[in-house]
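*Asks:* Sequence and predicted structure, then a few things I'm wondering about:
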Amino acid sequence: MRATRNSTISSVSDLGLKDPAAPRVQPVVPGARSVLVSPVDIEARHVAKRFGETAIFEDVSFRLARGEAVALVGANGAGKSTLLRCLMGLIPVSSGSVHLLGEETSGAKGAALRGLRAQVGLVSQKHNLVPRLSVLSNVIHGLLGQSPGVRHWSHMLAPEASRLAAMQALGKVGLADFATRRADRLSGGQSQRVAIARAIVSRPKVLFADEPCASLDPSAGEDVMALFFRLVKDEGVTVVFTSHNIEHALRFGDRVLGLSNGQLKLDATAASLAPSDLRGLYD
Ligand SMILES: Nc1ncnc2c1ncn2[C@@H]1O[C@H](COP(=O)(O)OP(=O)(O)OP(=O)(O)O)[C@@H](O)[C@H]1O
Ligand SMILES: [Mg+2]
């Protein structure tokens, strides 16, 4: 395969946003959705995690419905990132079980586990873009879970459909004009938006976001959160995000889960909570 095969990408307007795929699920209509009738995308049953002899949390149970946005809050070291990694199946639970999209993550192996992960996206505090590659190549990397292999390492090698999907994702985060720019020539806010494009390009059913705007200044962080949640609500994606920003947790989460002293101390709708209800988690 020749590396120059798809090199027409320098004229990004050719790729445009001309082929918008139909939404995978119906957009959420405010007030018309019942959590009770939505499928359960994530279920934790009596989950405990230990690292060696050190217990991080135990007896964590909850069910998250399709399309819910859930804020996971708690003090530094409470175990939020660890719980996210357990939910994604990146690390095993010590006891209990996690079901993600109907599959038990601890039971899934090989192709089944890869298939599960291909339906899941992750945005983390550090955007982890490959600095020397183009913005477009970095977004195409978001398709590697579904299409592993060298063709999705670079926009030069990627199939046209993948480049088009990546351009669409970049359009959604407002960065279509940056497709050919090297990733290390972006601002922090732009980098995080590229990371969001990379996470949504595969049209995941579930997105995990670990402090998605923690490395940004307040204004850029606000923009990134608003953009992220507009996209996920439009597409009916289930989201679990961690945040140290109580105001973000209450505004962007439909529901808030709070970890403290190794236990799930809070599980309530955001609408029922005031900022002072969360402060106890940080004592
Ligand atoms: N691989 C590991 N091995 C041993 N201990 C670990 C490992 N990963 C995390 N820990 C410990 O587990 C605890 C929870 O860490 P975690 O990163 O989940 O916390 P967090 O709530 O995400 O914190 P923060 O708000 O600072 O991101 C910490 O005490 C941490 O040191
Ligand atoms: Mg963390």
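*Replies:* All right, it came through fine. Ligands and ions are numbered 1, 2, ... in the order given.
*Asks:* Can you name the residue of the protein nearest to ligand 2?
*Replies:* Going by C-beta to the ion, ligand 2 is nearest to residue 81 of the chain, at 3.2 Å. Bear in mind the C-beta positions are built from the backbone N, C-alpha and C, glycine included.
*Asks:* How many neighbouring residues does that residue have?
*Replies:* 16 (other C-beta atoms under 10 Å).
*Asks:* Please name every helix or strand in contact with the helix or strand where residue 191 lies.
*Replies:* Residue 191 is part of helix 188-200, with elements assigned from DSSP states H and E. When contacts are defined as 3 or more C-beta pairs under 8 Å, 6 or more residues apart in numbering; DSSP states H and E, helix 188-200 packs onto strand 120-124, helix 135-140, helix 160-172, strand 206-210, helix 218-235.
*Asks:* want to try CSV for these, with mean pLDDT, distance to residue 69 and mean neighbour count as columns?
*Replies:* Listed next are the helices and strands packed on helix 188-200 as CSV, based on pLDDT from 0 to 100; distance: least, C-beta to C-beta, whole Å; neighbours: other C-beta atoms under 10 Å:
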stretch, mean pLDDT, distance to residue 69, mean neighbour count
strand 120-124, 91, 13, 23
helix 135-140, 97, 23, 29
helix 160-172, 95, 17, 22
strand 206-210, 95, 9, 24
helix 218-235, 88, 7, 18
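*Asks:* May I see those arranged in CSV, with distance to residue 67 as well?
*Replies:* Shown next, in CSV, are those (distance: least, C-beta to C-beta, whole Å):
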stretch, distance to residue 67
strand 120-124, 15
helix 135-140, 24
helix 160-172, 18
strand 206-210, 10
helix 218-235, 8
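*Asks:* Which among those is found nearest to ligand 1?
*Replies:* strand 206-210 (7.3 Å; C-beta to the nearest ligand atom).
*Asks:* Bridged to the residue nearest to residue 253 when sequence neighbours are not counted, which residues?
*Replies:* In space, and not counting its chain neighbours, residue 253 is closest to residue 71: 3.3 Å by C-beta to C-beta, 6 or more residues apart in numbering. Using DSSP bridges, the bridge partners assigned to residue 71 are residue 241, residue 256.
*Asks:* wait, doesn't residue 71 sit right on residue 239?
*Replies:* No - in terms of C-beta atoms under 8 Å, residue 71 does not count as a neighbour of residue 239; the distance is 9.1 Å.
*Asks:* how far away is residue 214 from residue 67?
*Replies:* The gap separating residue 214 from residue 67 is 25 Å, by C-beta to C-beta, to the nearest Å.
*Asks:* Compare these two (neighbour count), which wins?
*Replies:* Legend: neighbour count by other C-beta under 10 Å for residue 214 and residue 67, higher for residue 67 (23 against 15).
*Asks:* average pLDDT for stretch 189-197?
*Replies:* Confidence for stretch 189-197, expressed as mean pLDDT, is 93.
*Asks:* what about dumping the CA coordinates of that stretch to PDB?
*Replies:* Taking C-alpha atoms only, stretch 189-197 is exported to PDB below (Å, rounded to 0.1, in the frame of the first residue of the first chain):
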ATOM      1  CA  GLY A 189      -8.600  23.600  24.500                       C
ATOM      2  CA  GLN A 190      -8.200  22.600  20.800                       C
ATOM      3  CA  SER A 191      -6.400  19.400  21.800                       C
ATOM      4  CA  GLN A 192      -9.100  18.400  24.200                       C
ATOM      5  CA  ARG A 193     -11.700  19.000  21.400                       C
ATOM      6  CA  VAL A 194      -9.700  16.700  19.100                       C
ATOM      7  CA  ALA A 195      -9.600  14.100  21.900                       C
ATOM      8  CA  ILE A 196     -13.400  14.400  22.000                       C
ATOM      9  CA  ALA A 197     -13.600  14.000  18.200                       C
END
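*Asks:* neighbouring contacts of it?
*Replies:* The contact list for stretch 189-197 (C-beta atoms under 8 Å, 6 or more residues apart in numbering) reads 123-124, 127-129, 135, 138-139, 142, 166, 169-170, 172-175, 178, 183, 186, 212-213, 215-217, 220, 223-224, 227-228, 231.
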